[in-house]
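[1] Return atomic coordinates for the entry below.
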Amino acid sequence: MTQASAEAAKPAVAVIIPFYNGSRWIGRALLSVFQQTVPADEIVVVNDGSSAEERVALHDLGTSYPIRIIDKPNGGQGSARNAGVDACSAEYLCFLDQDDFYLPDHIEVLVSNIPVNQQNFGFIYGDCMEADGEGNIIRPSMVKEHSVHPKHSIIDLVRSDMFILPSASLIDRKAYEAVGGFDEQFTGYEDDDLFIRLFMKGYTSRFVDRPVYVWCIHMESTSHSVLMSRSRFRYFKKLKDAFPDVPDRDGYYFRDCFVPRFGRTFVLDVIKAAHERSPHRSEVNKILRDYAVVVRENEYVGRRYKLELAVFATLATIVPNELSGILRLAARLPQIRRSIVKEQ
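    Now for the predicted structure:
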């Protein structure tokens with residue numbers, strides 16, 4: 001095969017990068033895209049309502065790279081990703097967060113493992129390395145430590161965080177558009193939501209057991225903000241509505257999947273907000289109270305857990321920051337403690 005025919009045979013790939021006040025990191029992310037062993041056909045950076053200074057910095061950087069920049073009002077990462085997809089035409093879609101970066105063979109590895117002649121192919125994904133904000137590697141492989149791969153069961157998808165990461169994935173555009181892209185109400189969990197919808201529509205996936213990008217985790221990440229707490233509760237409610245209990249088939253989704261998955265985090269968010277004297281503590285407390293109300297309404301959750309959760313939610317409201325240790329003690333109530341320990 002000649003070089004020209006090989007290039008013609010390669011499917012077109014677009015890389016979409018949401019940008020929000022990320023001038024500190026975006027240069028590193030772009031450099032990793034342009035150093036790919038198999039180049040991207042389109043590169044779109046979506047400025048999601050950054051400050052005027054950050055917008056200028058991004059457009060200045062655009063003079064050094066052949067990229068397309070789109071400016072839009074702030075709508076969240078899912079909104080930015082959808083806008084980037086709308087602005088490109090490639091057959092396959094890769095995403096990259098502004099503070100992360102690809103390994104050099106990211107595109108090559110994923111493209112070379114696309115199944116041949118599979119009409120219902122949805123996406124392919126790999127592992128990732130974990131790093132600090134400066135890109136120093138902490139763990140050389142992380143998704144397999146948190147979840148089982150590849151995915152085979154809907155229970156696996158709803159019982160725990162999926163750890164299928166957009167920056168480690170290549171998604172078929174037809175599948176992406178068929179499910180409507182990212183749900184823009186979320187500012188966290190939009191990844192799980194997208195991939196579970198692809199799974200439920202019958203699209204197949206493939207897992208490549210090797211890292212393809214570096215996930216840089218730092219305190220400015222969305223996962224460390226109140227945005228994640230808000231989005232978590234929205235996603236919890238969406239899953240609850242999508243998967244009602246079916247007792248005649250022993251399908252107690254709420255009790256067996258959603259309480260172990262989300263309850264522990266709502267409790268830990270409250271403890272963390274009090275300990276750190278977060279200005280958003282009252283909002284985090286309200287999320288826990290709202291969760292407790294939903295739990296109380298489910299007839300299959302045990303009464304003791306409901307009671308202990310209600311007690312903890314009340315304490316969270318009245319205990320001052322200075323006595324946040326009381327919440328840690330309260331979290332040792334047997335049923336609360338059981339919910340905090342991850343169930344496999």
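
[2] Which residues in stretch 231-250 does the neighbour count mark as buried?
    Using 16 or more other C-beta atoms under 10 Å as the test for burial, stretch 231-250 gives 231, 232, 233, 234, 235, 236, 238, 239, 240, 243, 245. To be clear about C-beta, it is placed using only N, CA and C from the backbone, and glycine gets the same treatment.

[3] for stretch 103-118, same thing?
    103, 105, 106, 107, 108, 109, 110, 111, 114.

[4] and the second one, backbone torsions?
    With angles defined as degrees, to the nearest 10, residue 105 sits at phi -110, psi 20.

[5] residues touching it, list them.
    Counting by C-beta atoms under 8 Å, 6 or more residues apart in numbering, residue 105 makes contact with 36, 37, 38, 212.

[6] and those residues as TSV, adding pLDDT and distance to residue 225?
    Putting those into TSV (pLDDT from 0 to 100; distance: C-beta to C-beta, whole Å) gives the following:
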residue	pLDDT	distance to residue 225
36	98	31
37	97	35
38	97	35
212	97	26
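
[7] Give the helix, strand or coil label for residue 130.
    strand (DSSP: H, G, I helix; E, B strand; the rest coil).

[8] Hmm, residue 137 and it touching each other?
    Yes - using C-beta atoms under 8 Å, residue 130 makes contact with residue 137 at a distance of 7.3 Å.

[9] Which of the two has more residues huddled nearby?
    A direct count of neighbours by other C-beta atoms under 10 Å for residue 130 and residue 137 places residue 130 higher, at 17 against 12.

[10] who touches that one in this structure?
    Contacts of residue 130 (C-beta under 8 Å, 6+ apart): 137, 138, 139, 142, 214, 215, 217.

[11] Which of those ranks first by neighbour count?
    Within these, neighbour counts (other C-beta under 10 Å) peak at residue 214, which reaches 23 neighbours.

[12] Let me see the contact set for that one.
    Residues near residue 214 by C-beta under 8 Å, 6+ apart: 100, 101, 102, 103, 128, 129, 130, 131, 135, 137.

[13] follow-up on the earlier one: which among the contacts of residue 105 count as buried?
    36, 38, 212.

[14] can you give me the helices for the stretch 1-150 of the chain?
    With DSSP state H, counting those that start in this stretch as the definition, the stretch 1-150 of the chain shows helices at residue ranges 3-9, 26-34, 52-62, 77-86, 106-112, 143-146.

[15] didn't residue 301 look like it was pressed against residue 255?
    Yes - counting by C-beta under 8 Å, residue 255 is a contact partner of residue 301 at 5.1 Å.

[16] Between these two, point out the one with more neighbours.
    residue 301 (21 against 16).

[17] For that one, identify the helix or strand it belongs to.
    Using DSSP states H and E, residue 301 maps to neither a helix nor a strand.

[18] Relative to residue 31, how far out is it?
    Using C-beta to C-beta, to the nearest Å, residue 301 is found at 50 Å from residue 31.
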